[in-house]
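K.L.:
With the sequence up front, the predicted model follows.
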Number of protein chains: 6
Amino acid sequence: MSESVKEFNDYRSKMNDKILGDNNKIIKRIFNLDTNAFAEGALDVKTKELLGLVASTVLRCDDCVKYHLETSYKIGLKKEEVVEALGIATLVGGTIVIPHLRRAYEFWDALDEDSKTQ
Amino acid sequence: MSESVKEFNDYRSKMNDKILGDNNKIIKRIFNLDTNAFAEGALDVKTKELLGLVASTVLRCDDCVKYHLETSYKIGLKKEEVVEALGIATLVGGTIVIPHLRRAYEFWDALDEDSKTQ
Amino acid sequence: MSESVKEFNDYRSKMNDKILGDNNKIIKRIFNLDTNAFAEGALDVKTKELLGLVASTVLRCDDCVKYHLETSYKIGLKKEEVVEALGIATLVGGTIVIPHLRRAYEFWDALDEDSKTQ
Amino acid sequence: MSESVKEFNDYRSKMNDKILGDNNKIIKRIFNLDTNAFAEGALDVKTKELLGLVASTVLRCDDCVKYHLETSYKIGLKKEEVVEALGIATLVGGTIVIPHLRRAYEFWDALDEDSKTQ
Amino acid sequence: MSESVKEFNDYRSKMNDKILGDNNKIIKRIFNLDTNAFAEGALDVKTKELLGLVASTVLRCDDCVKYHLETSYKIGLKKEEVVEALGIATLVGGTIVIPHLRRAYEFWDALDEDSKTQ
Amino acid sequence: MSESVKEFNDYRSKMNDKILGDNNKIIKRIFNLDTNAFAEGALDVKTKELLGLVASTVLRCDDCVKYHLETSYKIGLKKEEVVEALGIATLVGGTIVIPHLRRAYEFWDALDEDSKTQ
């Protein structure tokens, strides 16, 4: 795995464990909901993942964008699909979204690299 | 048409005409892009409409939400699909999204009413 | 009750019933968490209510501000305490918070009126 | 004066008086700063007013936009200048700014009407 | 002191000195207000600090969160109290707050480490 | 050139090339508009650059702030002018803007350094 994807996931896991180990009921339940909300329902998993990606992008949350890019990659969304979703996010959210777009592209390339070297 | 849907659309058209009549190049092009971004591409029209809806909801723009709800309704998205998208928006955007959820539900009902009385 | 407080609560109840009647699991659980999060814990109820008020104010959600003002009023928070919390919100969130401050003051006065006429 | 401009100003004055009458030191000083920040300095008054307008527009604060539009009108900024500033705000802030653009155009027209009937 | 707390404070001091050395009246007064707003008043210092923390968290300002965590730590707020406040922030602000929660937990641990090694 | 300015520009160019190479029509046009919006019109180039700077600052986009600072520097805006614009941004956007102010000052100094060593 490329350093950046691995580093991102390691930090994320380590801190999530700390947070969940703390047993704050509200925070634990929100983490739980996060898993449920993206499961197949009236909408399929791919659509939901793109909804999470666009929400994260317009709210300009780089770590959330990375998380949804990684899941999108894993469940087989194509780059054109992801980029169209990011295009809508950039239009709705404005040019302040562009720096996040740069980091999203970089992370997608890192995911691509990783998949080739595994 | 119920007053609220009609009023919303009338005001929207009237003011869009004024804005576009002004010939500011930047604003005109952004309006144009808005039409193009939601056309069929790598993603289908229904998915794109839901992306626009979720982006508008987490950014808490009532008029944008109404606009995407109306288009969603017209292109045949089902209420369960729209509500699942709004659920993701509420989770990602937090409880401050809830007041916008109330108004979204109210507008969806108005769209429903309108379609029955036509 | 003054019209504005009653109207606010009636609309809120009516639409919450509609939303919850829809049985979307994610949305229902977020509504549930909202009740739990403000219950006595390591922090007392008054402090938590002020935290909800400040969060709502800096995120500029008028309906959320009204909701927390009403609860604050009911649990006996004094106006000076509420205003100090709003002062912190205005400093942290900037002058764009001021229009919401106006509406918060107006709603607090309405709550005051209501309590006198009951 | 057209109702909408007058109503806006009356409500604004009435509530500002209430807020300032409360003597919360932090809030009073922020109100004070607001007056000072837009006075002539290294930048002239017109430029500063446009900066306030653009900041208010991208943060999507309708009342703040109206306030800066009214001052812009009074100090002689031309519509083309104001519209170019709003165009930058729409590009930077995205299409979610458009509903605020509609209300800004409507308010500018109301200011125009008022000036003709005085 | 752990590097991360020290580095954070050193950079903060160095740049604040530069900014204040510049003598811009508006900026200087806002810095001043920031000191005053969190002093004891109708609300005690601990409550105010938590209000600042929650405002910073829902607005997703990592440096502001760190600043309020450090002050919270120094004035004796307990971890359970801080975590309950962060739980409210996560519920109100949504899952996009979670990455900031991770960094908040990490910084609190760093504050803890520092206090043991002094 | 100082590392930080150069690094910022190199990463920005490299990723912009990748994004534009992808030929997504919406994103390409938004990039195009970004160039046009800041060209001389009813408002001069310096005023427009300050509008872009203030919009970026209140929306707390560090990379956007850096971009507009660099252009501001190149077209001859004086530090006092830039700082007054940043002061308005801090007042309108609140103390959460302050960490971005620190990084803006640091970047301006880097621009200054670069210009001396060329």
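P.N.:
Okay, I see it.
K.L.:
Enumerate every residue touching whichever residue of chain A sits closest to chain D.
P.N.:
Closest approach between chain A and chain D, counting by C-beta to the nearest C-beta: A:Gly94, at 3.0 Å. From N, CA and C alone the C-beta is placed, and that goes for glycine too. Taking C-beta atoms under 8 Å, 6 or more residues apart in numbering or on different chains as the contact definition, A:Gly94 lies against D:Val58, D:Thr90, D:Leu91, D:Val92, D:Gly93, D:Gly94, D:Thr95, D:Ile96, D:Val97.
K.L.:
The fifth one - how many residues pack around it?
P.N.:
To tie it back to what came earlier, the one meant is D:Gly93. Using other C-beta atoms under 10 Å in any protein chain shown, the number of residues around D:Gly93 comes to 26.
K.L.:
For it, give me its contacts.
P.N.:
Counting by C-beta under 8 Å, 6+ apart, D:Gly93 makes contact with A:Gly94, A:Ile96, D:Thr57, D:Val58, D:Arg60, F:Ala55, F:Leu59.
K.L.:
A:Cys64 is in contact with E:His100, isn't it?
P.N.:
No: counting by C-beta atoms under 8 Å, A:Cys64 sits too far from E:His100 to count as a contact (10.6 Å).
K.L.:
element containing A:Arg60?
P.N.:
Using DSSP states H and E, A:Arg60 maps to neither a helix nor a strand.
K.L.:
And for it, nearest residue in space, chain neighbours not counted?
P.N.:
Residue nearest to A:Arg60 in three dimensions, not counting chain neighbours: A:His100, with 5.4 Å by C-beta to C-beta, 6 or more residues apart in numbering or on different chains.
K.L.:
Equivalent analysis for A:Ile26, please.
P.N.:
Nearest to A:Ile26 is E:Gly87, by C-beta to C-beta, 6+ apart, at 3.8 Å.
K.L.:
Can you pull the residues that touch both of A:Cys64 and E:His100?
P.N.:
When C-beta under 8 Å, 6+ apart defines a contact, no residue borders A:Cys64 and E:His100 alike.
K.L.:
rewinding a little: can you get me a residue count around the residue nearest to A:Arg60?
P.N.:
A:His100 has 24 nearby residues by other C-beta under 10 Å.
K.L.:
If you count neighbours, what's buried in the host helix or strand of it?
P.N.:
According to DSSP H and E, A:His100 maps onto helix A:98-117. Buried residues in helix A:98-117, counted by 16 or more other C-beta atoms under 10 Å in any protein chain shown: A:98-105, A:107-108, A:110-111, A:114.
K.L.:
elements contacting that helix?
P.N.:
Contacts defined by 3 or more C-beta pairs under 8 Å, 6 or more residues apart in numbering or on different chains; DSSP states H and E place helix A:98-117 against helix A:3-21, helix A:45-58, helix A:62-74, helix A:79-93, helix F:3-21, helix F:25-37, helix F:62-74.
K.L.:
re earlier: state the distance from the nearest residue to the residue of chain A closest to chain D once chain neighbours are set aside to A:Val58.
P.N.:
Distance criterion C-beta to C-beta, 6+ apart; nearest residue to A:Gly94, sequence neighbours excluded, is D:Gly94 at 3.0 Å. Going from D:Gly94 to A:Val58 by C-beta to C-beta, to the nearest Å gives 8 Å.
K.L.:
Quickly list what's touching both of those two.
P.N.:
Contacts common to D:Gly94 and A:Val58, judged by C-beta under 8 Å, 6+ apart, are A:Val92, A:Gly93, A:Val97.
K.L.:
distance of the last one from B:Leu59?
P.N.:
Between A:Val97 and B:Leu59 the distance is 11 Å, computed by C-beta to C-beta.
K.L.:
Residues of chain A that sit close to chain E?
P.N.:
Within reach of chain E by C-beta under 8 Å from any C-beta of the partner chain, chain A has these residues: A:11-12, A:15-16, A:18-19, A:22, A:24-27, A:30-31, A:34, A:55-56, A:59, A:61-64.
K.L.:
Pull out the buried members of those residues.
P.N.:
In those, burial by neighbour count holds for A:12, A:15, A:19, A:24, A:26-27, A:30-31, A:34, A:55-56, A:59, A:61-64, counting by 16+ other C-beta under 10 Å.
K.L.:
Among these, name the least confidently predicted one.
P.N.:
Across the set of these, A:Asp34 stands lowest in pLDDT, at 91.
K.L.:
and chain A, which residues reach chain D?
P.N.:
Residues of chain A lying near chain D (C-beta under 8 Å from any C-beta): A:Val58, A:Thr90, A:Leu91, A:Val92, A:Gly93, A:Gly94, A:Thr95, A:Ile96, A:Val97.
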